[in-house]
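Q: sequence first, then the predicted structure:
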Number of protein chains: 2
Amino acid sequence: MSSFIIAQGGGPTAVINQTLCGAIAAARELDPSIRILGARHGIRGLLSGDVVDLGGLSTDQLLRLGNTPNSGLGSTRDKPDPDRCDAILEALERFEARAFVYIGGNDTAGTLELLRARSTGACRFVHAPKTIDNDLVENDHVPGFISAATFVAQAIASVDLDFRAMPGIYVAIVMGRHAGFLTAAPAAWQSDPDDAPHLVYTPEQPFGLERFLGEVEAVYARLGRCVVAMSEGVQDEAGTAFAEALLKTGLADRDQHGNVQLSGGDLGLEIQRALKGRFPKARARVDTLGYLPRGFLGVIDPVDRAEAHAAGALAARRAFEESGSVVLTHDGQRTLPALVPLDRVAGRTRHMPQEFFAGQSTLSERGRGYFRRLLPSRPDLYTPFL
Amino acid sequence: MSSFIIAQGGGPTAVINQTLCGAIAAARELDPSIRILGARHGIRGLLSGDVVDLGGLSTDQLLRLGNTPNSGLGSTRDKPDPDRCDAILEALERFEARAFVYIGGNDTAGTLELLRARSTGACRFVHAPKTIDNDLVENDHVPGFISAATFVAQAIASVDLDFRAMPGIYVAIVMGRHAGFLTAAPAAWQSDPDDAPHLVYTPEQPFGLERFLGEVEAVYARLGRCVVAMSEGVQDEAGTAFAEALLKTGLADRDQHGNVQLSGGDLGLEIQRALKGRFPKARARVDTLGYLPRGFLGVIDPVDRAEAHAAGALAARRAFEESGSVVLTHDGQRTLPALVPLDRVAGRTRHMPQEFFAGQSTLSERGRGYFRRLLPSRPDLYTPFL
């Protein structure tokens, strides 16, 4: 009996289960007789035979699962070598898989492209996108981003009010190793030039501690406050991540993909130390938002939810015919999912385009406009006395 | 022309402007002829004459201001000495103040009690409560707490899903110098013994690094994950704050009240270091929630909003007659504001009662029940495969 296999890889998002449920519903509709299986913890479940029946979920169960954030099948960061790829292909044959839909980011697309290139069977490989980093090429934006970006925008707008009420300097360290979209997104809610984020530091622009401190000083002198959004992946002129240097301290670490793990607030501590040195009398606070934006129950955007669902549905429909990567396109009016070849997405990283920046640490109107199009409107904030 | 003066002190909450607007509306209703003035940045504005007209706000403007989080009049952490108290009393006389309503926490109540004790004039002094820490005595709970606690509960429940999907250890460091309510609140959403928070560390119970690591190890071995909520103010058997020791490093600092500023993730870094030492191969992550829970735009609880408004309204009504501190009482059915003498609240700290704990790092059913009564229900989470 042939089967249709779905799995989830990489970090979670608020809407990754919408994509899962969109795929389940579409596969069931196209072929009511097919066995729809979920591999637990991505390719790990495929290899160990740890699969669950997804086809038997009721509509009510699908709705509830879809509205639950974070990977419902479990996830993994494993990236298979050629030997493991062959083992996965054998597993797919055992399951008589007609299709394997893998929901994830860059690394997940890379795994699928490896499998597709080595496969000699009939199985199709389709990547369904998710990431809070918004760093998949070929996409206007990626499911999961809008919800995470809205969390960061709410954080920055809230803290801006706090610092209007009592002076000081605030830095939010935001996830994003190579792409600054999530860090820059709060600029969508700037309705006045003095609204936060006053400064934005992303991996796309060179970072230097002295320039940072000077820019903070100028804003703080002018407004009595300075609210900064900074990517965890900021790097110097030579492209060395600020956090990379911290590897030597033993605090940072590498994951299975060889990436530096930028966890634990070590970048934040360095920034805090620098601010205390330069502004010893100011209220200076650094918060590492860390995992909070990426699957936060309280901030699940309805547009993000619907787009994630549509991406999953298209992934399943196309997986009966061909391999590829689902992308979200935008024609100036509407956002629609489409399929592109896997190798156009796999292993590539999308960066913020240069025209999104007005300077090294400020956004252009074009950059703000992009985020404004994606995020919901800023809630009404009324501060006549500040 | 006599006046009615309102100000805000201390850190912000999501609903502190509801209290402000409740006070404005009630004062206007009781005496339509009185001048209602707001002192900007608390007693600072009183001393410098930096006051704004609040009586002229339209109903629409009041509604908008009330729905905007964080102190709309600006705030301060200044705590006056006797000389400054006399200067404030003189300022109140110049304004022909019949009443001074000051919205804030412990320190704000303390300032008002100082003023009341030294005053020989006709001005009444009423404290309207706010704090995310929930640490005001005589209160069942305090306006601002429910919204902040809901943020923390959402964070813990979201991260628990993340760590169900991929194993590891997570610690959220939560504000709370002396009281653990905010840290323990996520226990409200435990519907199963294996739901996070698996361990809770508050200032009310002695903290030791070795015991902590042992307890994490046991949970992690059993569930493959361990999600911890820890107060920034955890302290050892002798009552020395863990963060107090960090003062020597130059990273921690003292504010104007002589309190250690527990900012900047230094406690988080120590915990991260300890976890990496004990669990070198595990995904171990520490996030310092920092300022995020306390005035977050995305999590403003409607009950909290209404109670904050009612507390402000009662403060204004009673301020025409007598001094005191507004408290929220609970009669088993309803939450109602009431007035108690200022010296019963000023300068005191409410702690979590012993019966809220089952062990040093777990809550009793009674403790969970208290938080369950206050917080909204947990959103439906459906995870049949985890």
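A: In hand now; what should we look at? Numbers count the residues shown, from 1 in each chain, chains lettered A, B, ... in the order given.
Q: from here on, contacts and neighbour counts on C-alpha atoms
A: Fine.
Q: can you confirm residue A:102 is in a strand?
A: Yes - under DSSP: H, G, I helix; E, B strand; the rest coil, residue A:102 falls within a strand.
Q: so it makes contact with residue A:7?
A: Yes - counting by C-alpha atoms under 8 Å, residue A:102 does reach residue A:7; the two are 4.9 Å apart.
Q: surely residue A:345 and residue A:128 touch.
A: No - contact criterion C-alpha under 8 Å: residue A:345 and residue A:128 do not qualify, at 11.0 Å.
Q: that older thread, next, show the common contact partners of residue A:102 and residue A:7.
A: Common neighbours of residue A:102 and residue A:7 are listed as residue A:42 (criterion: C-alpha atoms under 8 Å, 6 or more residues apart in numbering or on different chains).
Q: quick revisit: common neighbours of residue A:345 and residue A:128, please.
A: With C-alpha under 8 Å, 6+ apart, residue A:345 and residue A:128 have common neighbours residue A:325.
Q: what about residue A:363, how many neighbours?
A: Number of residues near residue A:363 (other C-alpha atoms under 10 Å in any protein chain shown) recorded here: 23.
Q: that one - nearest residue in space that isn't next to it in sequence?
A: residue A:357 (4.2 Å; C-alpha to C-alpha, 6 or more residues apart in numbering or on different chains).
Q: quick one, domains of chain A?
A: Domain assignment for chain A by automatic domain parsing gives A:3-132+A:299-344, A:148-294+A:353-374.
Q: are the first one and chain B in contact anywhere?
A: Yes - Domain A:3-132+A:299-344 lies within reach of chain B by C-alpha under 8 Å from any C-alpha of the partner chain, at A:12, A:40-41, A:52, A:61, A:64-65, A:67-76, A:299.
Q: give me the low-pLDDT residue ranges for the stretch 251-386 of chain A?
A: Scanning the stretch 251-386 of chain A for pLDDT under 70 picks out the ranges A:251-265.
Q: again, only this time at 50
A: For the stretch 251-386 of chain A, the stretches flagged by pLDDT under 50 are A:251, A:263-265.
Q: where exactly do the strands run in it?
A: Secondary structure of the stretch 251-386 of chain A (DSSP state E, counting those that start in this stretch): strands at A:253-254, A:260-261, A:284-288, A:324-330, A:335-340, A:357-359, A:362-363.
Q: let me see the ranges of the helices in the stretch 201-350 of chain A.
A: A:209-223, A:266-278, A:302-319 (DSSP state H, counting those that start in this stretch).
Q: mind listing residues that contact the longest one?
A: This points to helix A:302-319. Residues outside helix A:302-319 that contact it (C-alpha under 8 Å, 6+ apart): A:15-16, A:18-27, A:30, A:99-101, A:124-130, A:143-147, A:325-328, A:335-339.
Q: drop anything exposed from the residues you listed.
A: A:15-16, A:18-27, A:99-101, A:124-130, A:143-147, A:325-328, A:337-339 (16 or more other C-alpha atoms under 10 Å in any protein chain shown).
Q: which of those fall within strands?
A: Members of the buried ones among the contacts of helix A:302-319 lying in strands (criterion: DSSP state E): A:99-101, A:124-129, A:325-328, A:337-339.
Q: nearest to residue B:386, of the residues you listed?
A: residue A:101 (19.4 Å; C-alpha to C-alpha).
Q: which residues does that closest one contact?
A: A:4-7, A:125-128, A:315-316, A:319.
Q: swap the cut-off to 10 Å and go again
A: Residue A:101 sits next to A:4-8, A:20, A:23, A:38, A:112, A:124-128, A:312, A:315-316, A:318-319, A:323-325 when contact means C-alpha atoms under 10 Å, 6 or more residues apart in numbering or on different chains.
Q: quickly list what it is bridged to.
A: Beta-bridge pairing for residue A:101 (DSSP bridges): residue A:6, residue A:126.
Q: from residue A:354, how far out is it?
A: Applying C-alpha to C-alpha, to the nearest Å, the value for residue A:101 to residue A:354 is 33 Å.
Q: quick one, what contacts the residue located most distally from the centre of chain A?
A: Ranked by distance from the centre of chain A (C-alpha atoms, centre = their mean), the top residue is residue A:385, with 37.3 Å. Going by C-alpha under 10 Å, 6+ apart, residue A:385 touches A:164-165, B:38-40, B:51-54, B:71-74.
Q: so how do I select the buried members of these in PyMOL?
A: Buried members of those, defined by 16+ other C-alpha under 10 Å, are picked up in PyMOL with:
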select buried, (chain A and resi 164+165) or (chain B and resi 38+39+40+51+52+54+71+72+73+74)
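Q: rebuild the contacts of residue A:385 as CSV, extending it with secondary structure.
A: Converted to CSV, these look like this (three-state DSSP):
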residue, secondary structure
A:164, helix
A:165, helix
B:38, strand
B:39, strand
B:40, coil
B:51, strand
B:52, strand
B:53, strand
B:54, coil
B:71, coil
B:72, coil
B:73, coil
B:74, coil
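Q: and for residue A:12, nearest residue in space, chain neighbours not counted?
A: The shortest distance from residue A:12 to any residue other than its chain neighbours is 4.7 Å, reached at residue A:70 (C-alpha to C-alpha, 6+ apart).
Q: the one you found: what secondary structure?
A: Residue A:70, by the three-state scheme (three-state DSSP), is coil.
Q: how many other residues sit next to it?
A: Count around residue A:70 with other C-alpha under 10 Å applied: 31.
Q: do I have it right that it meets residue A:293?
A: No - counting by C-alpha atoms under 10 Å, residue A:70 stays clear of residue A:293, with 11.5 Å between them.
Q: list residues touching both of those two?
A: Common neighbours of residue A:70 and residue A:293, using C-alpha under 10 Å, 6+ apart, are A:13-14, B:158.
Q: turn the residues you listed into CSV, including neighbour count and pLDDT.
A: Shown next, in CSV, are the shared contacts of residue A:70 and residue A:293 (neighbours: other C-alpha atoms under 10 Å in any protein chain shown; pLDDT from 0 to 100):
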residue, neighbour count, pLDDT
A:13, 26, 97
A:14, 34, 98
B:158, 25, 98
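Q: closest to residue A:349 out of those?
A: residue A:13 (18.2 Å).
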